[in-house]
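Visitor: fold the following for me, if possible:
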Amino acid sequence: MVKEEQEIRTSHSEGGESEGNDEKRKIRENKLKKRLLTEASKADKRGVCYLSRIPPHMDHVKLRHILSQYGEIQRIYLAPEDPAAQVHRKRAGGFRGQVFSEGWVEFTKKTVAKRVANMLNGEQIGGRKRSSFYYDLWNIKYLSKFKWDDLTEEIAYKNAIREQKLALELSAAKRERDFYLSKVDKAQALSSIEERLKKEAKGPTGLGNKLRSPC
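Guide: Numbers count the residues shown, from 1 in each chain. Next up, the predicted model:
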């Protein structure tokens with residue numbers, strides 16, 4: 001009887017624990033949903049500007065320092081230049097540091113992003129006169145209905161295309177290498193055959209000369 005009562009108490013306690021865990025899980029899920037909804041509503045209020053040209057010596061830190069005086073910035077992404085263009089530039093004696101080809105800036109508010117693009121596009125960057133991009137001009141445009149998620153998808157697509165292109169180039173290089181090695185092997189085989197034929201041709205002649213020579 002005592003044993004049965006203990007088993008009943010144990011089953012009740014286990015059932016209570018499982019119910020408590022379910023409630024905690026539901027609370028966590030609700031908090032996550034609320035956080036995601038809040039983030040989504042904030043993302044709808046943000047605006048993205050596109051920079052079609054990034055001057056040499058400019059990086060995301062300097063860009064944020066310049067543009068943040070016009071409004072709060074969430075994220076910045078600068079696309080590195082093409083590796084082939086980088087090699088060509090360095091060989092030509094140009095700037096040897098990191099150069100970016102284009103960039104995106106996400107402002108907290110769409111109105112700020114629009115105002116910044118309209119105000120700065122085509123204007124001189126300015127700042128300190130000793131700055132290397134002091135005389136450069138802004139090439140900035142507000143992207144209507146563009147979200148940061150669109151950018152991440154575009155980057156992923158470009159990376160996939162670049163990886164596919166690299167794989168094709170590596171495959172072509174491998175085929176070219178294999179073709180060259182096969183030619184080398186054939187040339188070596190032909191050379192060894194020629195050497196053997198020369199030795200065989202010299203063999204009987206040398207033996208005949210020895211036989212004809214006086215003792």
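
Visitor: which elements pack onto the top helix by length along the chain?
Guide: Assignment by DSSP state H gives helix 148-212 as the longest helix of the chain. Secondary-structure packing of helix 148-212 (3 or more Cβ pairs under 8 Å, 6 or more residues apart in numbering; DSSP states H and E): strand 73-80, strand 100-107. Quick note: C-beta positions are derived from backbone N, CA and C, even for glycine.

Visitor: how close does Arg128 get to Pro83?
Guide: Remark: distance between Arg128 and Pro83 (Cβ to Cβ, to the nearest Å) = 31 Å.

Visitor: and what of Ser144?
Guide: 32 Å.

Visitor: also Gln188?
Guide: Counting by Cβ to Cβ, the gap from Gln188 to Pro83 is 36 Å.

Visitor: do the same with Lys186
Guide: For Lys186, the distance to Pro83 - Cβ to Cβ - is 35 Å.

Visitor: tell me which helix or strand of this protein sits lowest on mean pLDDT?
Guide: helix 2-45 (a mean of 64; mean pLDDT, DSSP states H and E).

Visitor: next helix or strand past that one?
Guide: Per DSSP states H and E, the first helix or strand lying C-terminal to helix 2-45 is strand 47-51.

Visitor: does anything pack onto that following strand? Which helices or strands?
Guide: By 3+ Cβ pairs under 8 Å, 6+ apart, strand 47-51 packs against strand 100-107, helix 110-120, strand 140-143.

Visitor: go through those and name the closest to Tyr180.
Guide: strand 100-107 (35.0 Å; Cβ to Cβ).

Visitor: the closest one vs helix 148-212, what angle?
Guide: 160 degrees (axes from the mean of the first three to the mean of the last three Cα atoms, to 10 degrees).

Visitor: pull up the pairing partners for strand 100-107, direction included.
Guide: strand 47-51 (antiparallel), strand 73-80 (antiparallel) (DSSP bridges).

Visitor: what's the mean pLDDT across stretch 132-146?
Guide: What stretch 132-146 shows for mean pLDDT is 92.

Visitor: low-confidence stretches in the protein?
Guide: 1-20, 30-42, 95, 157-159, 162-163, 166, 203-215 (pLDDT under 70).

Visitor: count of neighbours near the closest residue to Arg96 other than its chain neighbours?
Guide: Once flanking residues are discounted, Arg96 sits nearest to Lys90: 5.5 Å by Cβ to Cβ, 6 or more residues apart in numbering. Other residues within reach of Lys90, judged by other Cβ atoms under 10 Å, total 13.

Visitor: now the angle from the helix or strand hosting Lys90 to strand 100-107?
Guide: Secondary structure assignment for Lys90, by DSSP H and E: helix 83-91. If you take the same axes, to 10 degrees, helix 83-91 sits at 120 degrees to strand 100-107.

Visitor: from the helices and strands packed on strand 47-51, which stretch is densest packed?
Guide: Highest mean neighbour count of the helices and strands packed on strand 47-51: strand 100-107, a mean of 20 (counted as mean count of other Cβ atoms under 10 Å).
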